[in-house]
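Colleague: Predicted model and sequence below, questions to follow.
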Amino acid sequence: MEGDAYLKCIDPQCGLEYPIKSTNVQCDKGHLLDVKYNNKPSEKLKDIFANRGKMGEDIIFNESGVWRFRELLNFCEIDTENVEECSRFLVSLDGAEGRQSKPYHMTKVSSFIEISSDNLWLQPEGYNPSGSFKDNGMASAVTHAKMVGAKKIVCASTGNTSASAGMFAANEGIQCDVYIPAGQIAPGKLSQAYQFGAQIVEVNGNFDDALKQSLDDAKNYDGYTVNSINPFRIEGQKTIPYRALEYLKWEAPDWIVYPGGALGNTSSCGKALMELYEWGWIKKIPRIAVINSEGASTLSDLYNGEFQGEELRWNQGKPNIDLITEYYNYLDKEGIRPKTKATAIQIGRPANILKGLRALDFTKGVVTTVSDSEMLDGMSVVGLNGFDCEMASGASVVGIKKLLEEEIIKKDDVVVGILTGRQKDAMLPVDYHNNPKNRFAIPPKI
Ligand SMILES: *Cc1c(COP(=O)(O)O)cnc(C)c1O
Ligand SMILES: [Zn+2]
């Protein structure tokens, strides 16, 4: 391929390549794509990143938690020091995406988990302008949409994707269509999409049905898909681990822990680590832990051999696709629908499952599940530290606790947990605290 950046199929047997301006989110055979770069970034950039946004220079791309790292996702192939060129290409909400997110110690969470406070870091991605980590990847996906001249962006959403897409689309003056599973979106998220002027399309069914319809409509009506199967979403989300690693002076932790939905985050963390390790920027590879809800546990079931006894693996790019198909057929046949109050991860068919498997393979990752009531405890104990997160993010907290109890995470391990979004389901904390049986409940005085 000409130029530095291009798209490449993730399937090593297929390996089809496309120019960077292609709008295919999949290769011609239906496999996922990666953004690839020929150039190897110099490690000197670590110092440049550290100084950006700190000199009172008033450059939004240096304040942005995404574009501060723009040399590591320079698919626009711009002169990254040329501010005028950055302004023309890079989509940013005045530098707000990723700006406020970094890892914190939270003592009440660490005593709940029973890990030393020094070893536990939690990174609240809810402090993004639309309230979730999705803004990291949406900034980069909408940048690519703009680069190819898209007039309309399209997504299916469990809520936060639509809020983020709507926000950036409004800011850029392009149209945004949002496909939602009717009646299954937290009102706080849906209202954001309306507020930002998105066109809502209600789909009878669940998220997986909404995604299918949005992909079909995008193809037929010239829309640009911004779901996480879009490889440019993955590029922006690489900055989530970048910020954690930078804060830890590029000393890799032992673990990075995410809630697992469509597995965009897992995929982007895996890609970020693969690249950093290849360039020699990190010497150790952190292990990724993915936490599924018990009610939407596709990855856990397949990875842990709970379906037909086979543990699904990346297997050097030859995963057992038939096993996945059989699992989905089984769900359909039995009428099993993903079900959890943590709607952000209520996903039965994780669109990025193969990239997720690759990430788990590279990092010797693990997958586990937690219950709804555990996630609510996780969410609530984060609140007691003065930080806000939503129920799906609580999965990171209780997932770490569970893996520690199982001695998969060791007592002395350094752990970074990602808190993916802020609370948008106003009644969840109210209901939680009004029930004195809940572990962290502080019921009202009458
Ligand atoms: C989208 C979302 C998730 C799931 O992330 P994936 O990348 O799809 O696995 C988890 N938590 C929150 C708050 C989200 O918005
Ligand atoms: Zn392919």
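Modeller: Looks like it came in fine. Ligands and ions are numbered 1, 2, ... in the order given.
Colleague: Strands along the stretch 251-400 of the chain, start to end?
Modeller: 255-259, 287-293, 366-370 (DSSP state E, counting those that start in this stretch).
Colleague: Enumerate the residues of the stretch 1-150 of the chain near ligand 1.
Modeller: 132, 134 (CB under 6 Å from any ligand atom). Where C-beta positions appear, they are placed from N, C-alpha and C, glycine not excepted.
Colleague: And the pLDDT for the residue nearest to residue 357 when sequence neighbours are not counted?
Modeller: Closest residue to residue 357 apart from its sequence neighbours, by CB to CB, 6 or more residues apart in numbering: residue 314 at 4.2 Å. With respect to pLDDT, residue 314 has a value of 98.
Colleague: do the same with the one 3 residues further on
Modeller: pLDDT recorded at residue 317 is 97.
Colleague: mind checking how far it is from ligand 1?
Modeller: According to CB to the nearest ligand atom, to the nearest Å, residue 317 stands 21 Å off from ligand 1.
Colleague: isn't that residue right next to residue 12, touching?
Modeller: Yes - using CB atoms under 8 Å, residue 317 is in contact with residue 12, at 3.8 Å.
Colleague: more neighbours, the two?
Modeller: residue 317 (15 against 10; other CB atoms under 10 Å).
Colleague: Next one: the more buried one relative to residue 7, how far apart?
Modeller: According to CB to CB, to the nearest Å, residue 317 and residue 7 sit 17 Å apart.
Colleague: Residue 33 contacts residue 231, doesn't it?
Modeller: Yes - look at residue 33 against residue 231 with CB under 8 Å: they come within range, at 4.7 Å.
Colleague: shared neighbours of these two, anything?
Modeller: 7, 25 (CB atoms under 8 Å, 6 or more residues apart in numbering).
Colleague: Return the per-residue confidence for residue 100.
Modeller: 91.
Colleague: next one: the one 5 residues further on
Modeller: Here the pLDDT value assigned to residue 105 is 98.
Colleague: ok, and residue 232, which helix or strand is that part of?
Modeller: helix 231-237 (DSSP states H and E).
Colleague: and what of residue 208?
Modeller: Per DSSP H and E: helix 207-220 holds residue 208.
Colleague: how near is residue 328 to ligand 2?
Modeller: Residue 328 sits 20 Å away from ligand 2, going by CB to the ion, to the nearest Å.
Colleague: What count of nearby residues applies to the nearest residue to that residue once chain neighbours are set aside?
Modeller: Counting by CB to CB, 6+ apart, residue 328 lies nearest to residue 349, which is 6.2 Å off, once chain neighbours are set aside. When counting by other CB under 10 Å, one arrives at 19 neighbours for residue 349.
Colleague: is any part of the helix or strand just after the helix holding residue 232 close to ligand 1?
Modeller: Using DSSP H and E, the helix or strand that follows helix 231-237 in sequence is helix 239-247. No - using CB under 6 Å from any ligand atom, helix 239-247 never reaches ligand 1; the gap is at least 10.0 Å.
Colleague: How far off centre is helix 239-247?
Modeller: Its chain's average C-alpha position is 14 Å from that of helix 239-247, according to CA atoms, centre = their mean, to the nearest Å.
Colleague: so it versus strand 287-293, what angle?
Modeller: 130 degrees (axes from the mean of the first three to the mean of the last three CA atoms, to 10 degrees).
Colleague: Helix 239-247 - contacts with which helices or strands?
Modeller: When contacts are defined as 3 or more CB pairs under 8 Å, 6 or more residues apart in numbering; DSSP states H and E, helix 239-247 packs onto helix 45-51, strand 120-124, helix 264-278, strand 415-419.
Colleague: Give me the contact list for that helix.
Modeller: Against helix 239-247 from outside (CB under 8 Å, 6+ apart): 46, 49-50, 65-66, 68-69, 72-73, 98, 101-103, 121, 123, 125, 133, 136, 251-253, 256, 265, 268-269, 272-273, 276, 282, 416, 418.
Colleague: circling back: show residues contacting the following helix or strand past the helix holding residue 208.
Modeller: Counting by DSSP H and E, the next helix or strand C-terminal to helix 207-220 is strand 224-225. Strand 224-225 has contacts (CB under 8 Å, 6+ apart) with 23, 25, 145, 148, 150, 152-155, 214-215, 218.
Colleague: out of the residues you listed, which one sits closest to residue 388?
Modeller: If you rank the contacts of strand 224-225 by distance to residue 388 using CB to CB, residue 155 comes first, at 24.1 Å.
Colleague: Now residue 50: closest residue in space that isn't a chain neighbour?
Modeller: Residue 50 sits nearest to residue 246 (CB to CB, 6+ apart), 7.0 Å away.
Colleague: Isn't residue 71 up against residue 45?
Modeller: Yes - under the criterion of CB under 8 Å, residue 71 makes contact with residue 45 at 5.5 Å.
Colleague: Hmm, residue 404 is touching residue 116, no?
Modeller: No - look at residue 404 against residue 116 with CB under 8 Å: they stay out of range, at 11.1 Å.
Colleague: Have a look at the two and say which one is more surrounded.
Modeller: The neighbour comparison of residue 404 against residue 116 (other CB under 10 Å) goes to residue 404, with 19 against 13.
Colleague: Can you give me every residue that contacts the more buried one?
Modeller: 113-115, 410-411.
Colleague: would you turn these into a markdown table with pLDDT?
Modeller: Converted to a markdown table, the contacts of residue 404 look like this (pLDDT from 0 to 100):
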| residue | pLDDT |
| --- | --- |
| 113 | 98 |
| 114 | 98 |
| 115 | 98 |
| 410 | 98 |
| 411 | 93 |
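Colleague: neighbour-wise, which of those residues leads?
Modeller: Counting by other CB under 10 Å, top hit in the contacts of residue 404: residue 113 with 26 neighbours.
Colleague: Once you drop chain neighbours, what's closest to residue 283?
Modeller: residue 252 (7.3 Å).
Colleague: And the one you found, its phi and psi?
Modeller: Backbone torsions of residue 252, given as degrees, to the nearest 10, read phi -60, psi 140.
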